[in-house]
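*Asks:* A structural model of the following input is requested.
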Amino acid sequence: MEPNRINYNELVALVVEDQPFVRKTIAHILRQIGFEKIAEADDGETGLQECIRVAPDIVICDIDMRPVNGLDFLANLRASREVANRRTPVVYLTNHTESEIVKKAMALGVNAFVVKPPSVIALKERVDRLLAPR
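*Replies:* Numbers count the residues shown, from 1 in each chain. Predicted coordinates:
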């Protein structure tokens, strides 16, 4: 294996997205990047349950979901005592450019943003940056 190359097939990704088509599309992109283990959730509540269940290495999360949105999911993740890693990197999928939402997300500890619909290149760049060996 090349130095500093990420072995994605050993890592777990979690996709938290309420629209099934978008969720499946993100999972497909993650498979193209090299992930073999991909968990899915359809809102922030089931997303947190999946974080407890599978201990993902990275979370790709929508912001606009009901009943529990992406901002509440991130707040709950960062505060949880049940998840293996409260600092799990979170990448928001968003159409939002409003500064209030971006500020809230940053205050909660989001790690990156990707504009919807994400390209393979854009998502891979964010994931590589967040998971690269230090």
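*Asks:* Okay, now the unreliable bits of this protein?
*Replies:* Where the chain drops to pLDDT under 70, the residues are 1-4, 96, 134.
*Asks:* got the residue ranges for the strands in it?
*Replies:* Per DSSP state E, the chain carries strands over the ranges 12-16, 37-41, 58-62, 90-94, 112-115.
*Asks:* where's residue 73 relative to residue 65, distance?
*Replies:* Note on residue 73: its distance to residue 65, by CB to CB, to the nearest Å, is 8 Å. (Glycine included, C-beta is placed from N, CA and C.)
*Asks:* Sorry, wrong one. I was asking about residue 99.
*Replies:* Using CB to CB, we find residue 99 at a distance of 21 Å from residue 65.
*Asks:* who has more neighbours, those two?
*Replies:* residue 65 (23 against 8; other CB atoms under 10 Å).
*Asks:* residues in contact with that one?
*Replies:* Shown in contact with residue 65 (CB atoms under 8 Å, 6 or more residues apart in numbering): 16, 17, 18, 42, 43, 44, 73.
*Asks:* Name the nearest residue to the second one, ignoring sequence neighbours.
*Replies:* If the residues on either side of it in the chain are set aside, residue 17 comes closest to residue 23, at 4.0 Å by CB to CB, 6 or more residues apart in numbering.
*Asks:* likewise the last one?
*Replies:* Beyond its immediate neighbours in the sequence, the residue positioned closest to residue 73 (CB to CB, 6+ apart) is residue 44, lying 3.0 Å away.
*Asks:* Settle this for me: that neighbour is touching residue 16, isn't it.
*Replies:* Yes. Between residue 44 and residue 16 there is a contact at 6.5 Å, judged by CB atoms under 8 Å.
*Asks:* one step back: what's the overlap in contacts for residue 73 and residue 65?
*Replies:* Common neighbours of residue 73 and residue 65 (CB under 8 Å, 6+ apart) are 16, 43, 44.
*Asks:* I appreciate the help and will end here.
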